[in-house]
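Engineer: what follows is a predicted structure for the sequence shown.
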Amino acid sequence: MTATTAEALWQDYAFLTHELAKFTGRQNWDMVMNLLDQRAGMQQRIDALADRDFVASPAGRKLLGELLREEQTIARQIRLARNQSQQRHQVAQAYDSYDAVSAGMILNRGT
C-alpha cells in the first residue's frame with residue numbers, strides 16, 4: 001500500500017475494517033487475525049502521519065461514524081461466536097459426563 005495522505009490511509013483502514021466484519025461473520029478466525037494485524041499496521045501509519053485535518057473534516061467525521069458502527073457489529077459478532085462456542089463446550093461436557101460404562105450398567109440392570 002503506497003497511500004500517503006491521511007484520507008487514503010483512513011480509506012484503507014475502513015476497507016480493512018469492512019473485511020474484518022465480513023470474515024468475523026463467517027467465523028474465519030485465521031483471516032480475522034491476519035486482518036487485525038494489517039489494520040494495526042495501518043493504524044501505526046496513520047499515527048505516524050500525524051495529519052488530523054481529514055478526521056476533523058465532514059468526510060472524515062462521516063467515515064469515523066461508519067467505522068464506529070462497523071466496530072460495534074464486529075464486537076457483536078465476536079460475542080455471538082464466543083457464546084456459541086461456550087454453549088457447544090457445555091453440551092460436550094454434559095455428554096462426556098456419561099461414559100460408555102455408565103450407560104452399559106444402566107442398560108444391564110433391566111436384564
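Structural biologist: That came through fine. Numbering: from 1, shown residues only.
Engineer: distance of the residue nearest the centre of the chain from R52?
Structural biologist: Nearest to the geometric centre of the chain sits T24, at 4.4 Å (Cα atoms, centre = their mean). Distance from T24 to R52, counting by Cβ to Cβ, to the nearest Å: 29 Å. Glycine gets a C-beta too; all of them are placed from N, C-alpha and C.
Engineer: now N34
Structural biologist: From N34 across to R52, the span is 29 Å (Cβ to Cβ).
Engineer: quick one: which of those two has more around it?
Structural biologist: Set N34 next to R52 and count neighbours by other Cβ atoms under 10 Å: N34 wins out with 15 against 11.
Engineer: residue contacts, the more buried one?
Structural biologist: Contacts for N34 were tallied using Cβ atoms under 8 Å, 6 or more residues apart in numbering; there are none.
Engineer: pull out the buried residues from the one helix or strand it maps to.
Structural biologist: For N34, the host element (DSSP states H and E) is helix 29-49. For helix 29-49, burial by neighbour count (16 or more other Cβ atoms under 10 Å) applies to 32, 35, 38-39, 42, 46, 49.
Engineer: same thing with stretch 18-25?
Structural biologist: For stretch 18-25, a neighbour-count test (16+ other Cβ under 10 Å) marks 19-21, 23-24 as buried.
Engineer: quick check: mean pLDDT of that stretch?
Structural biologist: Summarised as a single mean, pLDDT over stretch 18-25 is 94.
Engineer: quick check: which ranges of the chain have low pLDDT?
Structural biologist: 1-3, 97-111 (pLDDT under 70).
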